[in-house]
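Trainee: starting from these lines, generate the structure:
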Amino acid sequence: MTSSIRIKLSIMMFLEFFIWGAWFVTLGTYLLRNLSATGTQVGVAFLTQSIGAIVAPFIIGLIADRFFSAQKILGVLHLAGALLLWRASSSTDFGSFYPNILTYMVLYMPTLALVNSIAFRQMQNPQKEFATIRVLGTLGWIVAGLTIGWLNWEQSGSLRATFLMAAGASALLGVFSFTLPATPPVKRGQSSSLGDMLGLDAIGLLKNRSYLIFFLASIAICIPLAFYYGFTNPFLNEVGMKAAAGVQSLGQVSELLFMLLIPFFFTRLGVKKMLAIGMLAWVVRYVFFAYGDGQSNYWMLIAGIVLHGICYDFFFVTGQIYTDNLAGERFKSSAQGFITLATYGVGMLIGTLLSGRIFDNYQLSEGVHDWRMIWLIPAGIAGVVVLLFLLLFKDRPQTQAVAPAPYDAAPSLAQAN
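Mentor: Residues are numbered from 1 along each chain as shown. Predicted coordinates for the structure are as follows:
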């Protein structure tokens, strides 16, 4: 990979996650304070992420893998997204806000698979190269959170500005995408079934028993993840943490550091241990949140936030590389969309519906909640998932690949079957 391509891919990742972090972290607080939403409505708003993730494989499989270059689709989606974020910023109630953010997330979620696909197509050895590119996405999320905290938008009631900031970044990435390395469709001109055209060809990955277990675990672990995305910022603000969005960026700092260490951990731990450690970190994080507070146990809040690096990198980044390795060249885009469907789609869909109801059920009075119970519930769910994963996932030499890998995979990745 040339240095110019590496720089372009890094800028792409930075902007991709800056856009998301600019409004998503404080969405719950914005809805509760500015639009007087209920906990269930907050859950419904975060549900748009899941709807977008479910649609993503169809957009990727039908368009990116078959008809148009991925970087061009990325540009069009982000330009349209900029307009929708601007419209969302002018909403005065939840009823007018929701259609804009729903349409936006249907367009944004496919871009998560597209940026991965564009990056992977430029790499000879993703295990070594991907982390150093993807880490710029984490940096983008950090910068977004620090900007919100520095400008004091949470305390001053100015969170509407987060959508305007995200809209500007989305327009910038939309234009920049057309300068990215050409990533033409790999199945242009091929005849196939409707299921293949819709990106369902990646479902063949589930013939691999270990990948099936990983896929199901991805769905299940994202149920407790929805609690973190939807209610961490309102929780931290309620217990008295100042500049909560900025403090939350410590989670992305941790993510950045652990992402750089992924090649080191791969060779020493292997896929199963990395995935299990990532899920176990979720259990510990929610226990810390349950018993932490803004006074003597403030350190628990910080520790729970910092654990985000292990939670995300050890499970999601490992899973993306694991998926790319098994998919092979032909199914790269649709396979990334497929795992996005499992995690941010089905799992988060269930989690957002559940978390909103639990938030409302444990409201003690106006602006006061029983946060201990709200956090112990996802801790219990994550604990069950990691236990079942350890019992069922087998890390042994692979006897039959789903598709030929286009590069020499590290032994730890090739062993899962």
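Trainee: and residue 374, what does it touch?
Mentor: Applying CB atoms under 8 Å, 6 or more residues apart in numbering, one finds that residue 374 lies in contact with 227, 231, 235, 358, 359, 362. Every residue, glycine included, has its C-beta placed from N, CA and C.
Trainee: my read: the first one touches residue 290, true?
Mentor: No. Under the criterion of CB atoms under 8 Å, residue 227 makes no contact with residue 290, lying 11.0 Å away.
Trainee: between these two, which contacts overlap?
Mentor: Listed as contacting both residue 227 and residue 290 by CB under 8 Å, 6+ apart are residue 375.
Trainee: and the contacts of residue 374, which of them are in helices?
Mentor: 227, 231, 235, 358, 359 (DSSP state H).
Trainee: mind picking the two most distant members of those residues?
Mentor: The span of the ones in helices among the contacts of residue 374, defined through CB to CB, is set by 235 and 358 at 12.4 Å.
Trainee: burial of the nearest residue to residue 281 once chain neighbours are set aside, as a residue count?
Mentor: With CB to CB, 6 or more residues apart in numbering as the criterion, residue 281 has its nearest non-adjacent residue at 4.1 Å, and that residue is residue 310. Neighbourhood size, residue 310 [other CB atoms under 10 Å]: 21.
Trainee: wait, residue 310 sits on residue 258?
Mentor: Yes. Checked against CB under 8 Å, the pair residue 310 and residue 258 is within contact range at 6.0 Å.
Trainee: overlap in contacts, the two.
Mentor: In contact with both residue 310 and residue 258: no residue, using CB under 8 Å, 6+ apart.
Trainee: burial of the nearest residue to residue 327 once chain neighbours are set aside, as a residue count?
Mentor: Across the structure, with CB to CB, 6+ apart as the measure, the residue nearest residue 327 apart from its sequence neighbours is residue 335 (3.4 Å). By the other CB under 10 Å criterion, the neighbourhood of residue 335 contains 33 residues.
Trainee: try residue 3
Mentor: If you count neighbours by other CB under 10 Å, residue 3 ends up with 7.
Trainee: so how far is residue 211 from it?
Mentor: Remark: distance between residue 3 and residue 211 (CB to CB, to the nearest Å) = 35 Å.
Trainee: ranges for the helices of the stretch 1-150 of the chain?
Mentor: Using DSSP state H, counting those that start in this stretch, the helices found in the stretch 1-150 of the chain span residues 3-24, 27-34, 39-59, 70-89, 94-120, 126-150.
Trainee: low-confidence ranges, the stretch 1-150 of the chain, go.
Mentor: Low-confidence segments of the stretch 1-150 of the chain, defined by pLDDT under 70: 57-66, 127.
Trainee: residue closest to the middle of this structure?
Mentor: Among the residues of the chain, the smallest C-alpha distance to the mean C-alpha position (CA atoms, centre = their mean) belongs to residue 344, namely 6.5 Å.
Trainee: can you tell me the closest non-neighbouring residue to it?
Mentor: Take residue 344 and drop its neighbours on the chain: the residue closest to it by CB to CB, 6+ apart is residue 53, 3.6 Å away.
Trainee: what's near enough to touch the one you found?
Mentor: Applying CB under 8 Å, 6+ apart to residue 53 gives the contacts 109, 340, 341, 343, 344, 345, 348.
Trainee: coming back round to it: could the ones in helices among the contacts of residue 374 go into a markdown table alongside distance to residue 141, pLDDT and neighbour count?
Mentor: Formatted as a markdown table, the entries for these read as follows, by distance: CB to CB, whole Å; pLDDT from 0 to 100; neighbours: other CB atoms under 10 Å:
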| residue | distance to residue 141 | pLDDT | neighbour count |
| --- | --- | --- | --- |
| 227 | 19 | 92 | 28 |
| 231 | 18 | 91 | 28 |
| 235 | 19 | 93 | 23 |
| 358 | 26 | 93 | 20 |
| 359 | 24 | 91 | 25 |
